[in-house]
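**Student:** curious how this folds, go ahead:
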Amino acid sequence: MYLHNTLPTHNTPLDPRDAETLGVAGADDVARILTLRENSAPTPLAALPGLAMKLNLGALHLKDEGYRLGLGSFKALGGAYALMRLVQDEAEQQLGRTFPVDALLSDEVRAIARGMTFACATDGNHGRSVAQGAQLMGAKAVIFVHAGVSQSRIDAIAGFGAEIMRVAGNYDDSVAEASAVARERGWTVLSDTSWPGYEDVPGLVMQGYTAIVREALADLPQPPTHVFLQAGVGGFAAAIAGHLAVLLGKNRPYITVVEPTRAACVLASAKQNQPVKVDETEPTVMAMLECYEPSLVAFRVLERVADGFMTVDEDDALSIMRRLADPVAGDPAIVAGESGGVGLAGAIAVLNDPELAASIGLGPEARLLVINTEGATDPALYAEIIGRTPEAVLSGLR
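**Tutor:** Modelled structure (predicted):
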């Protein structure tokens, strides 16, 4: 299913709050704070000329967040960044003076952090980012995981010293539980989704993702004409699309948001022109995207700057994982997790419908950018799907 946005999105400005969050000054803050973290080099941008030729595209580039900050996911950028900014704000409030970025790891600031506890819900990747940020700053992290989070992902979070709290139900249930327990115990909620009265912190998380845009535009020979972005609650898609809109204005690319058919809350919201919650059905293999209610901040951005909304099926997600692991001759192999290649899966689904592809200009003149949002964050599941380990894929072993 593909739904064209009925708003004239290339002429629709962002809400002033979101324009500030996703603007150049915020991206500058992200870049400065990134320098304090290990493995902070930009992630690679892979050219896929062989696949571009096969798909009859002018160019195809893939930004590979599987290498991000040693955590294997774009979410490494958001949770830890927001946590560090919140510690900075608390230190300035308690001590009555400003602390520049280069003082964030000072004894004074870390002493403040030791008195703070951050709580969040996660499908796996956001929790790892928050846990890593807490470890770096000396704060405490309590991560709420629902029944669908694999043990290997839980172990990876706990490896950063976080306390794990298990919740029955799905991701949305864990979000509600984390918020309720944190409120009761005086902890700071660090969620990557937003709801009425809770927007500033998710906005900081989204701000962290703007680093992806800055890096990609610096490496691309020309700006993209089309970008396909996967969505769970929508924060990632909104951050990328919103920052592109700020930087490129009317010259920004055509943006399509891609979701699992089994958890398409952003598409449902676009249909009704307001955020809506969809019913839970069967679980989706696209675990990082299994969300049933959009972030209010994210949808506010996407309804203004997304040009289309679509869904892909389970087989599409598995097929793109295998396709990236076994590339066209001359293209590099890419390790993409179950949710990582969904943007590219969406683009291929559109290209399989020539009339639809033509209607959005996705053809021989198009320069497509997609983002592999995660590597093999569950290596055992990845090996089961691909038939090889991630290491074997990258070394070319079959």
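**Student:** from here on, contacts and neighbour counts on C-alpha atoms
**Tutor:** Will do.
**Student:** check which helix or strand residue 180 maps to.
**Tutor:** helix 171-185 (DSSP states H and E).
**Student:** who does the following helix or strand past that helix pair up with?
**Tutor:** Later in the chain than helix 171-185, the nearest helix or strand by DSSP H and E is strand 188-189. Strand 188-189 has its sheet partners listed here by DSSP bridges as strand 117-122 (parallel).
**Student:** quick one, the next helix or strand after the strand it pairs with and strand 117-122 angle?
**Tutor:** If you walk from strand 117-122 toward the C-terminus, the next helix or strand you reach (DSSP H and E) is helix 125-137. Counting by axes from the mean of the first three to the mean of the last three C-alpha atoms, to 10 degrees, helix 125-137 lies at 160 degrees to strand 117-122.
**Student:** and helix 125-137, average pLDDT?
**Tutor:** Averaging pLDDT along helix 125-137 yields 95.
**Student:** output that helix as CSV, restricted to C-alpha atoms.
**Tutor:** Extracted in CSV, the C-alpha atoms of helix 125-137 (Å, rounded to 0.1, in the frame of the first residue of the first chain):
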residue,chain,number,x,y,z
ASN,A,125,18.7,-0.5,20.4
HIS,A,126,17.5,2.7,22.2
GLY,A,127,18.1,0.9,25.6
ARG,A,128,21.7,0.1,24.6
SER,A,129,22.3,3.8,23.8
VAL,A,130,20.8,5.1,27.0
ALA,A,131,22.8,2.4,29.0
GLN,A,132,26.0,3.3,27.3
GLY,A,133,25.5,7.1,27.9
ALA,A,134,24.7,6.4,31.5
GLN,A,135,27.9,4.4,31.9
LEU,A,136,29.9,7.1,30.3
MET,A,137,28.5,9.8,32.5
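**Student:** how about residues contacting it?
**Tutor:** Outside helix 125-137, the residues that touch it by C-alpha atoms under 8 Å, 6 or more residues apart in numbering are 71, 73, 75-81, 83-84, 105, 110, 113-114, 118, 120-121, 140-143, 153, 156-158, 160-162, 190, 192, 288, 377.
**Student:** let's see that with 6 Å instead.
**Tutor:** Helix 125-137 is contacted by residues 75-76, 79-80, 110, 140-141, 157, 160, 162 when judged by C-alpha atoms under 6 Å, 6 or more residues apart in numbering.
**Student:** ok now do residue 233, which residues does it touch?
**Tutor:** Neighbouring residues of residue 233 by C-alpha under 6 Å, 6+ apart: 291, 294-295.
**Student:** try it again at 8 Å.
**Tutor:** 193, 265-266, 289, 291-295, 298 are the contacts of residue 233 under C-alpha under 8 Å, 6+ apart.
**Student:** quick one: which of the residues you listed has the most company?
**Tutor:** Neighbour count (other C-alpha atoms under 10 Å) singles out residue 266 as the most crowded of these, with 34 neighbours.
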